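In: Would you be able to build a 3D model of this:
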Amino acid sequence: MTGQLAQIWRHPIKSHGRERVAGVALEAGQSMPWDRRWAIAHEDSAFEGDWVKCSNFAITTHRPRLCPFNITLTEGDAPEAHVTHTDLGEMRFHPDRPDEAARFVEWVAPLSPEGLPKPARLVSLPGRGFTDSEFPSVTLFSMASHRAVEDALGQQITPLRWRGNLWVEGLEAWEEFDWIGREIRVGNAVLRGVERTQRCPMTMTNPETGARDVPTVKTLASTFGHKDFSIRCEVIEGGEIAEGSAVALA
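Out: As a prediction, the model looks like this:
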């Protein structure tokens, strides 16, 4: 079945804000440009320049008060981030400038609960990004699957809970799971479905308030027999994509 790319989202600083974009140029072998390019390593982090698991960073799974972040990124050789938070207010800074990055880490530190490793430094991983997968991934989501979860919950929830990249309209619910191992054309790019995304308690958290208020993971398991939502893809052929682009098996 052919679908349409309804929304494109990126998360420039892992777990610290989301941004909707109208279009992007994907590159083979890389994650979405600027998606999760930076992350805050905590004081116990093993990060030394290469990809490591998400447990090495300050993330919303263990720090739900990070959820109410939004971000606008000005791209370029000296990218600038404008971040807003319901409790902290707003801040503008250049993530690649050490003094400004340190100021940002200090600014967000009060959002981390007591007993967890303290936020220590803002680090970057250009190209592949701090995705939750070991490979540079782009996540693909189905609006129909989202509505199926809403029906099971008996209430509407914002798709922002899932922290996705590409949202597709026009598929059957859970059809995207059949795309594992297959090539998917999105606009002028070609992706390959690699694996389903198992969801964590972060999706239970309201992205506007930081409160855990909806049993998403339990509902996935009890209603659908799994805890998966979305698929992780690798970009095998780069190209321009935009909201409104056709999405179909290649």
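
In: For the rest of this, base every contact and every neighbour count on C-alpha atoms.
Out: Noted.

In: quick one: Phe69 and Asp87 touch, right?
Out: No: with contact defined as CA atoms under 8 Å, Phe69 does not reach Asp87; the gap is 9.4 Å.

In: can you tell me which residues contact the nearest residue to Met143 once chain neighbours are set aside?
Out: Counting by CA to CA, 6 or more residues apart in numbering, Met143 lies nearest to Glu169, which is 5.4 Å off, once chain neighbours are set aside. Going by CA atoms under 8 Å, 6 or more residues apart in numbering, Glu169 touches Gly3, Gln4, Leu5, Ala6, Ser142, Met143, Ala144.

In: Which of these fall within strands?
Out: If you go by DSSP state E, the contacts of Glu169 have Gly3, Gln4, Leu5, Ala6, Ser142 in strands.

In: neighbour-wise, which of those leads?
Out: Tallying neighbours with other CA atoms under 10 Å puts Ser142 at the head of the ones in strands among the contacts of Glu169, with 27 neighbours.

In: confidence score at that residue?
Out: Note on Ser142: pLDDT of 98.

In: Distance-wise, check Glu100 relative to Thr74.
Out: 15 Å (CA to CA, to the nearest Å).

In: likewise Thr223?
Out: To Thr74, Thr223 is 42 Å away according to CA to CA.

In: Let me know the pLDDT of Pro126.
Out: Among the per-residue scores, Pro126 holds a pLDDT of 88.

In: Identify the residue spatially nearest to it, adjacent ones excluded.
Out: Distance criterion CA to CA, 6+ apart; nearest residue to Pro126, sequence neighbours excluded, is Arg37 at 5.5 Å.

In: Surely the one you found touches Gly129?
Out: Yes: shown here, Arg37 and Gly129 form a contact pair, counting by CA under 8 Å, at 4.6 Å.

In: Please enumerate the helices of the protein.
Out: Remark: helices assigned in the chain by DSSP state H are 98-108, 143-153, 216-219.

In: can you give me how far the shortest one is from the chain middle?
Out: Read it as helix 216-219. How far helix 216-219 lies from its chain's middle: 19 Å, per CA atoms, centre = their mean, to the nearest Å.

In: neighbours around Leu249, how many?
Out: By the criterion of other CA under 10 Å, Leu249 has 15 neighbours.

In: Same check on Trp174?
Out: Trp174: 19 surrounding residues under other CA under 10 Å.

In: Contacts only, for it.
Out: By CA under 8 Å, 6+ apart, the residues touching Trp174 are Ser142, Ala144, Ser145.

In: roughly how far apart are the nearest residue to the second one once chain neighbours are set aside and Leu160?
Out: When the adjacent residues along the chain are set aside, Ala144 lies closest to Ala173, with 4.7 Å between them (CA to CA, 6+ apart). As judged by CA to CA, Ala173 and Leu160 stand 18 Å apart.

In: again, but for Glu169
Out: In terms of CA to CA, Glu169 sits 15 Å off from Leu160.

In: repeat for Thr219
Out: 17 Å.

In: Hmm, Glu150 and the residue nearest to Ala144 touching each other?
Out: No: contact criterion CA under 8 Å: Ala173 and Glu150 do not qualify, at 11.8 Å.

In: List the residues that contact the most centrally placed residue in the chain.
Out: The centre of the chain sits closest to Arg163, judged by CA atoms, centre = their mean, with a distance of 4.0 Å. Contact analysis of Arg163 by CA under 8 Å, 6+ apart lists Trp9, His11, Arg18.

In: now these as TSV including distance to Ser45, pLDDT and neighbour count?
Out: Compiled in TSV, those are given as follows (distance: CA to CA, whole Å; pLDDT from 0 to 100; neighbours: other CA atoms under 10 Å):
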residue	distance to Ser45	pLDDT	neighbour count
Trp9	27	98	21
His11	20	98	25
Arg18	23	97	26
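
In: Closest one to Arg232 out of the contacts of Glu169, please.
Out: Nearest to Arg232 among the contacts of Glu169 is Ser142, at 12.3 Å by CA to CA.
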